[in-house]
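**Q** Sequence and predicted structure below; questions after.
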Amino acid sequence: MTPSARADSARKQQLLELAYAHVLDHGLADMSLRPLAEAIGSSPRVLLFLFGSKDALVQALLARARQDETGMLEAVHRARPEHGLARTGELVWSWLADPGHRKVLTLWVEGYSRSLSGGTGPWAGFAERTIADWLEVFAAAQPPARRDTPEGLAERTLLLSVLRGALLDLLASRDEQRTTAAVTAHLRTLEAPAAGAPAPAHRDRSGNGSAGRTDRVARTIAAPRAAVYAALLDRESLEAWLPPDGMSGRIERWDPRAGGGFRMVLTYLDPADSPGKTSDATDVVDVRFTGLVPPERVVQQAVFESGDPSYAGTMTMTWHLAASGEGTEGTEVTVTATDVPPGIDQADHEAGIASSLAHLASYVEAAR
């Protein structure tokens, strides 16, 4: 690839991310090139040169939205699908119900509905591909003996239909409690516990319960979203603010892109009272970026390096950035951790997240 071609490719990716952030706020239905180009600091001529046509740009934006969706499904697939269809459905619904994902899911619904009209335009095949993506993940969660039967196909098709219908209801009504109760009722029918066996524990959305726990902490930071987002994706910044009180951090590997990630070694300053997950004095965590929506959201999948099974599993950390009010430059940062390993105490975990958010606030506010 020539230097000029590499520059065009980098600029194309940059403009795609900016355009994606724009359509998350404004939708695709009435998108025209001139207002879009003005909003992202480009021109219709540059967009047409890089993408070829408006339809090709729409296709690229739909592919970018699908990238967020498939990133979530891949993470679910890696999170021990042998736990069964009910647990997989619970993981998917946890992601769908997260308030930080509302914009991308609204865009997904728009693409899904437009593709139903048929034809050969940029929307063609979007709904069909989405259905195939979801059914593939659900099939992997079924026992092999059931997966390839008509009953197995019907079972995962019904789960897909329930989740899709509940999602449409949630996007329209914003009633998370009611829609989550409906999804949970269906998931219980998939568990079919043996006679006399105790019913599996279920997570509630408040973060209580023994399985699939969710922890959530929020803080308002006196800095614009762009500055906060930049601090989430800068190596030196993360090393400075991410370690909670009583810890220091060192990043050993760094790849700040969707599908990339980093490896962080957290060291306790006084390990006597806080034995580590990886060693007596350290927590080592491998983090993968599964969703990057500037300047709105960073989604990470975190796996602790530990021989203790109570710390096993993949935890999802979603950093959602929202403007804190009209006419202000503040940012409301909400951190949602789902599927928290049971070995991590909830109060300690939320205190640690709050400590990191306090450090983040001090870091970005001091830089203004």
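**A** Looks like it came in fine.

**Q** In the stretch 101-250 of the chain, what residue spans correspond to strands?
**A** When assigned using DSSP state E, counting those that start in this stretch, the strands of the stretch 101-250 of the chain occupy the ranges 213-221, 247-255.

**Q** distance of the residue lying closest to D280 once chain neighbours are set aside from P309?
**A** Distances taken as Cβ to Cβ, 6 or more residues apart in numbering place P271 nearest to D280, at 5.4 Å, with adjacent residues excluded. Heads up, the C-betas are built off the backbone N, CA and C, glycines and all. Shown here: P271 relative to P309, a distance of 21 Å by Cβ to Cβ, to the nearest Å.

**Q** These two: who's more crowded?
**A** Just comparing P271 and P309: by other Cβ atoms under 10 Å the higher neighbour count belongs to P271, 15 against 10.

**Q** Do a quick rundown of the helices in the stretch 251-368 of the chain.
**A** 346-366 (DSSP state H, counting those that start in this stretch).

**Q** in the chain, what spans have low per-residue confidence?
**A** Low-confidence segments of the chain, defined by pLDDT under 70: 1-8, 29, 73, 75-83, 118-119, 191-212, 273-275, 325-328.

**Q** Find the centremost residue of it, please.
**A** Taking Cα atoms, centre = their mean, the centroid of the chain lies closest to V299, which sits 4.1 Å from it.

**Q** L85 is nearest to which of the strands of the stretch 101-250 of the chain?
**A** For L85, the closest of the strands of the stretch 101-250 of the chain is strand 213-221, at 20.5 Å, according to Cβ to Cβ.

**Q** Now do the same contact list for the closest residue in space to R253 that isn't next to it in sequence.
**A** Excluding its sequence neighbours, the residue lying closest to R253 (Cβ to Cβ, 6+ apart) is R263, at 4.3 Å. Contacts were defined as Cβ atoms under 8 Å, 6 or more residues apart in numbering; by that measure R263 touches 251-253, 284-287.

**Q** Which members of those are classed as buried?
**A** Members of the contacts of R263 that pass the buried threshold by neighbour count (16 or more other Cβ atoms under 10 Å) are listed as 284-287.

**Q** what about the residue nearest to the centre of the chain, distance to W95?
**A** Taking Cβ to Cβ as the measure, V299 and W95 are separated by 9 Å.

**Q** joint contacts of those two?
**A** 72, 316.

**Q** doesn't L321 make contact with V228?
**A** Yes: with contacts defined as Cβ atoms under 8 Å, V228 counts as touching L321 at a distance of 5.6 Å.

**Q** intersection of neighbour lists for the two?
**A** 295, 331, 333.

**Q** Just give the closest residue to G313, not the sequence neighbours.
**A** The shortest distance from G313 to any residue that is not its chain neighbour, by Cβ to Cβ, 6+ apart, is 5.2 Å, and that residue is P341.

**Q** Backbone dihedrals for the one you found, please?
**A** Geometry field for P341 lists phi and psi as phi -60, psi 140, criterion degrees, to the nearest 10.

**Q** and what of the one 3 residues further on?
**A** Phi and psi for I344, reported as degrees, to the nearest 10, are phi -90, psi 120.

**Q** quick one: it from H320, how far?
**A** Remark: distance between I344 and H320 (Cβ to Cβ) = 21 Å.

**Q** same question, P224
**A** Distance of P224 to H320, computed by Cβ to Cβ: 15 Å.

**Q** which of these two has more neighbours?
**A** When P224 is set against H320 and neighbours are counted by other Cβ under 10 Å, the residue ahead is H320, at 21 against 18.

**Q** With adjacent residues omitted, what lies nearest to that one?
**A** According to Cβ to Cβ, 6+ apart, the nearest residue to H320 is G100 (3.4 Å).

**Q** A124 now?
**A** S115 (6.3 Å).

**Q** The one you found: neighbouring residues, count only.
**A** If we define neighbours as other Cβ under 10 Å, then S115 has 20 of them.

**Q** I'd like to know how far it sits from G71.
**A** Separation of S115 from G71 (Cβ to Cβ) stands at 20 Å.

**Q** E329 now?
**A** Relative to G71, and taking Cβ to Cβ, E329 is found at 30 Å.

**Q** Compare these two and say which is more crowded by neighbours.
**A** Per other Cβ under 10 Å, whichever of E329 and G71 has more neighbours is G71, with 20 against 15.

**Q** Tell me which other helices or strands whichever strand or helix holds the more buried one touches.
**A** Counting by DSSP states H and E, the secondary-structure element that holds G71 is helix 54-78. Other elements packing on helix 54-78 under the criterion 3 or more Cβ pairs under 8 Å, 6 or more residues apart in numbering; DSSP states H and E are helix 3-26, helix 44-51, helix 85-97, helix 102-115, helix 126-140, strand 282-293, strand 297-304.

**Q** Which of the buried ones among the contacts of R263 sits closest to V23?
**A** Nearest member of the buried ones among the contacts of R263 to V23, counting by Cβ to Cβ, is V287, at 27.5 Å.

**Q** residue contacts, the closest residue to A354 other than its chain neighbours?
**A** With sequence-adjacent residues excluded and distances taken as Cβ to Cβ, 6+ apart, A354 is closest to V217, at 5.1 Å. When contacts are counted by Cβ under 8 Å, 6+ apart, V217 is found next to 334-335, 350, 353-354, 357.

**Q** how about those residues in JSON lines, adding neighbour count and distance to L61?
**A** Putting the contacts of V217 into JSON lines (neighbours: other Cβ atoms under 10 Å; distance: Cβ to Cβ, whole Å) gives the following:
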{"residue": "T334", "neighbour count": "18", "distance to L61": "25"}
{"residue": "V335", "neighbour count": "21", "distance to L61": "27"}
{"residue": "E350", "neighbour count": "18", "distance to L61": "36"}
{"residue": "I353", "neighbour count": "20", "distance to L61": "32"}
{"residue": "A354", "neighbour count": "16", "distance to L61": "36"}
{"residue": "L357", "neighbour count": "22", "distance to L61": "32"}
